[in-house]
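S.K.: Would you be able to build a 3D model of this:
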Amino acid sequence: MTPPQPASATARFLDESVLPVFTSLRMTAFGQSVIDIAADPDFDDWSFSDKVLYALDKEVAAKRERRVNKLLKASRSPNPDACVEEITYAPSRTLNKEQITRLAHCQWCQSAQNIVILGKSSVGKTYLALALLNAACRKDYTAKFFRTDTLANHLAVLKHGDIERMKFLEELHTADVLVLDDFLTTPIDAATAHQLLTILAEREHRGSTIVTSQFTPDEWYKSIPDAVIAESILNRLVTGAEIIPLEGDNMRLTT
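M.R.: Residues are numbered from 1 along each chain as shown. Predicted coordinates for the structure are as follows:
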């Protein structure tokens, strides 16, 4: 059996010229790491195994970052950089750091528990919801974000029975996390209320819904024309949900 020959025997060297090979194998981060190791004398005393494991760790981290970025892009988050680590815990804010730290572990996603964030305009409800969405994506959960009125308008232009509408609804039904921002800030008509109920009914016990609203749940009735549908929506969103009452200064003026 012919013994293996080193690449240097054929005038090949581990430098940037071989990076396209790693990229074609979808191992760009690994390739860049081994090239860096070969060129850096600080690695000379490392064992071969340590060098390989170091490069593998870089590749795993890069793939995880790409996966998170893909999930965040698919979520339609208007602020994908929002994260729990950047939340402000000012004395004037009724925000419990222990509670947010617990929620950042996303057990609520696993148990399909809803979260309802309540507070007046500009206290940071949307940022908190997006930070929790970000945390869920980092745990490899799928997510979708919509302002409630934008979602209603989007559904209104999609024809019933249309394939595009069915695909869109399936994404809403199956997302691990659905954020409904500015929930019932303005009254909705009967058709929109029915659509919301259908979405929430399909998501029950299979996905978590995060709602932000300026109004408390008992005030939601005023924005829904049908009392029966209003009761059904309220029950599906609030029963067993974690309620976060948020107070404090106008965050748009303090950031």
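S.K.: can you give me the strands for the protein?
M.R.: For the chain, applying DSSP state E gives strands covering 115-118, 143-147, 177-181, 208-213, 242-245.
S.K.: want to throw those into TSV with mean neighbour count?
M.R.: Where C-beta positions appear, they are placed from N, C-alpha and C, glycine not excepted. Shown next, in TSV, are the strands of the chain (neighbours: other C-beta atoms under 10 Å):
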stretch	mean neighbour count
strand 115-118	21
strand 143-147	21
strand 177-181	26
strand 208-213	25
strand 242-245	16
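S.K.: Quick one: mean pLDDT over stretch 95-107.
M.R.: On average, the pLDDT along stretch 95-107 is 93.
S.K.: and it, C-alpha only, in PDB?
M.R.: What follows is stretch 95-107 as a C-alpha-only set of coordinates in PDB (Å, rounded to 0.1, in the frame of the first residue of the first chain):
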ATOM      1  CA  LEU A  95     -40.000  44.800  34.900                       C
ATOM      2  CA  ASN A  96     -38.700  41.900  36.800                       C
ATOM      3  CA  LYS A  97     -35.300  40.800  35.700                       C
ATOM      4  CA  GLU A  98     -35.700  37.300  37.200                       C
ATOM      5  CA  GLN A  99     -38.900  36.800  35.200                       C
ATOM      6  CA  ILE A 100     -37.300  37.900  31.900                       C
ATOM      7  CA  THR A 101     -34.300  35.700  32.500                       C
ATOM      8  CA  ARG A 102     -36.600  32.800  33.100                       C
ATOM      9  CA  LEU A 103     -38.600  33.600  30.000                       C
ATOM     10  CA  ALA A 104     -35.300  33.800  28.000                       C
ATOM     11  CA  HIS A 105     -34.900  30.100  28.500                       C
ATOM     12  CA  CYS A 106     -38.100  29.600  26.400                       C
ATOM     13  CA  GLN A 107     -39.800  26.900  28.400                       C
END
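S.K.: going forward can the numbers begin at 82, since that is how I track them
M.R.: In the new numbering, first residue 82, that becomes stretch 176-188.
S.K.: Mind listing residues that contact that stretch?
M.R.: 165, 168, 170, 194, 196, 209, 213, 216-217, 220, 222, 323, 325, 327, 329 (C-beta atoms under 8 Å, 6 or more residues apart in numbering).
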